[in-house]
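S.K.: I'd like to go over a predicted model; first the sequence, then the structure.
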Amino acid sequence: MQSLTVTIRIFSDQPGVLRGLGNEYVRVVNQLTEQAEQHGAFPKVTTKTIASILPSAVCNQAIRDAKSIFRKRKKLGVRPVLKKPVYFVNNQNYMVSEHSIAFPIIVDGKAKRTRFRAIPTTRDLELLSKSKLGLMRIVEKSGKWYAQISLEAPTREANGESIMGIDLGLKVPAVAVLSSGNTHFYGNGRRNKYIRRKYQQRRRTLGRLKKLSAIRKLGNKEQRWMKDQNHKISRQIINTAIQEDVSIIKLERLENIRKTARTSRKNAKNLHSWTFYQLLQFISYKANLVGIQVVKVNPAYTSQTCPACEKKNKAKDRRYECPCGFKTHRDQVGAINIMRQPVAGGSSLSA
């Protein structure tokens, strides 16, 4: 089973209702944890003993959350205090359809399962229909409301014999080489850098005008764009892996990529801001869903070692040439060596 979160946009004609219930949920949780802190133990409470406008099912969830937060206090040393509006609903009290999400709220003083317009994707509906559903979290982000549904998705076992090695980079976001010898290039590094420069220029302009709110919105937009790019690249990689009958994908360990990667000064900002780890996560969870194992390998000298004679040579720009006569794209050399590398620590290490 694979733990995932499906996020679905909610369209509400009365966002104030959701915000009010979210604030009430947070108030109840903070009140209970404060009482527990004062008494040194969590109080014995039920939905009948709590003065709240929350539906009983949601109020019960607030009590469970308060108990969990109070237990964390012992480890953290301080009592966590919730601030942002949030509304949790357990899996027995919500329903998701093609055009709506229904969950209980208070209407005219009574609890009523209310439908809100929503447009889940085909993939979302497929995952929800095949998975074990967990809590649904209603949150507000930049004035928009979302339902975040946790679930346990079933995974299948891949029976292929092929291995794929993937090299991540800036100029070419991902290069995959298979044990069959096929090579695939994913993403457009030049276009990515152009888009990133546009956002940087806009932030500088807005900074001079001291428009802080606009800068934050622009940052959110850039993050969404980056996430979309990583989703598309990871989906293309997994589709290729399925077509090529891949059973294992090898990726470089990313812990020290920003320290060890060599890049020009003009690319330094892109190196430190590009979401390599997010792309690795997307590849990992999508691979697990189709039964493909993802493992990490040591990336040391993978872009310098010649796949033919194993001597180390530095590439000139994007071209790798070895005195032995081997010539190819530099990132292809990295992907080949990653595919051939033993997994980190000498044993299987899931990414």
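M.R.: On my side now, so go ahead.

S.K.: quick one, strands of the stretch 251-351 of the chain?
M.R.: With DSSP state E, counting those that start in this stretch, the ranges of strands along the stretch 251-351 of the chain come out as 293-297, 319-321, 327-329.

S.K.: distance between stretch 197-217 and the chain's centre?
M.R.: 25 Å (C-alpha atoms, centre = their mean, to the nearest Å).

S.K.: contacting residues around that stretch?
M.R.: Stretch 197-217 is contacted from outside by Ser142, Leu218, Gly219, Lys221, Glu222, Lys269, using C-beta atoms under 8 Å, 6 or more residues apart in numbering. From N, CA and C alone the C-beta is placed, and that goes for glycine too.

S.K.: thinking again about what came up before, any chance of the strands of the stretch 251-351 of the chain in TSV with mean neighbour count as columns?
M.R.: Formatted as TSV, the strands of the stretch 251-351 of the chain follow (neighbours: other C-beta atoms under 10 Å):
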stretch	mean neighbour count
strand 293-297	21
strand 319-321	15
strand 327-329	15
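
S.K.: between those, which gets nearest to Lys232?
M.R.: Closest approach to Lys232 among those is made by strand 293-297 (18.2 Å; C-beta to C-beta).

S.K.: Please export the C-alpha coordinates of that closest one as PDB.
M.R.: Written as PDB, here are the backbone C-alpha positions of strand 293-297 (Å, rounded to 0.1, in the frame of the first residue of the first chain):
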ATOM      1  CA  GLN A 293      11.100  -0.300  -7.100                       C
ATOM      2  CA  VAL A 294      13.000   2.900  -6.700                       C
ATOM      3  CA  VAL A 295      16.500   2.800  -5.100                       C
ATOM      4  CA  LYS A 296      19.100   5.400  -4.400                       C
ATOM      5  CA  VAL A 297      22.700   5.100  -5.500                       C
END
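
S.K.: going forward, begin numbering at 55 instead of 1
M.R.: Will do, 55 is the new start, and the previous item becomes strand 347-351.

S.K.: Produce a PyMOL select command limited to the buried residues of the contacts of stretch 251-271.
M.R.: Buried residues within the contacts of stretch 251-271, by 16 or more other C-beta atoms under 10 Å, are selected in PyMOL with:
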select buried, resi 272+276
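
S.K.: Out of the contacts of stretch 251-271, which one has the lowest pLDDT?
M.R.: Across the contacts of stretch 251-271, the member with the lowest pLDDT is Lys323, scoring 50.

S.K.: about what we covered before: how about the strands of the stretch 305-405 of the chain in CSV, adding mean pLDDT?
M.R.: Formatted as CSV, those follow (pLDDT from 0 to 100):
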stretch, mean pLDDT
strand 347-351, 88
strand 373-375, 86
strand 381-383, 86
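
S.K.: Out of the ones you listed, flag the one nearest Tyr248.
M.R.: Here strand 381-383 is closest among those (C-beta to C-beta), at 21.2 Å.

S.K.: List of residues touching the closest one?
M.R.: Val226, Val229, Arg372, Arg373, Tyr374, Glu375.

S.K.: What is the burial count for Ser122?
M.R.: Counted by other C-beta atoms under 10 Å, the residues lying close to Ser122 total 12.

S.K.: likewise the one 5 residues further on?
M.R.: Applying the criterion other C-beta under 10 Å, we find 14 residues in the vicinity of Arg127.

S.K.: for the one 10 residues further on, same thing?
M.R.: Neighbour count for Lys137, taken as other C-beta under 10 Å: 9.

S.K.: What ranges does the stretch 155-304 of the chain have for its strands?
M.R.: 164-172, 186-195, 198-207, 216-222, 228-232, 237-240, 300-306.

S.K.: can the ones you listed go into CSV with extra columns for distance to His383 and mean pLDDT?
M.R.: Listed next are the strands of the stretch 155-304 of the chain as CSV, based on distance: least, C-beta to C-beta, whole Å; pLDDT from 0 to 100:
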stretch, distance to His383, mean pLDDT
strand 164-172, 44, 91
strand 186-195, 40, 92
strand 198-207, 36, 91
strand 216-222, 10, 91
strand 228-232, 7, 92
strand 237-240, 8, 92
strand 300-306, 17, 90
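
S.K.: And these: which comes nearest Leu86?
M.R.: strand 186-195 (17.8 Å).

S.K.: Stretch 183-190: which residues count as buried?
M.R.: Ser185, Leu187, Leu189, Met190.

S.K.: export that stretch as CSV, just CAs?
M.R.: Only the C-alpha atoms of stretch 183-190 are listed here, as CSV (Å, rounded to 0.1, in the frame of the first residue of the first chain):
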residue,chain,number,x,y,z
SER,A,183,-12.4,4.3,-5.8
LYS,A,184,-9.6,1.8,-5.4
SER,A,185,-8.0,3.0,-2.2
LYS,A,186,-8.7,2.9,1.5
LEU,A,187,-9.8,6.4,2.4
GLY,A,188,-8.6,8.3,5.5
LEU,A,189,-9.3,11.8,6.9
MET,A,190,-10.4,14.7,4.8
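
S.K.: Which residues does it contact?
M.R.: 55, 58, 115, 142-145, 148, 155, 157, 201-208.

S.K.: longest helix of the chain?
M.R.: Ranked by number of residues, the top helix in the chain under DSSP state H is helix 266-297.

S.K.: ok, so of the contacts of strand 381-383, who is nearest Glu364?
M.R.: Closest to Glu364 out of those is Tyr374 (13.5 Å), distances taken as C-beta to C-beta.

S.K.: can you pull up the bridge partners for that closest one?
M.R.: Thr382 (DSSP bridges).
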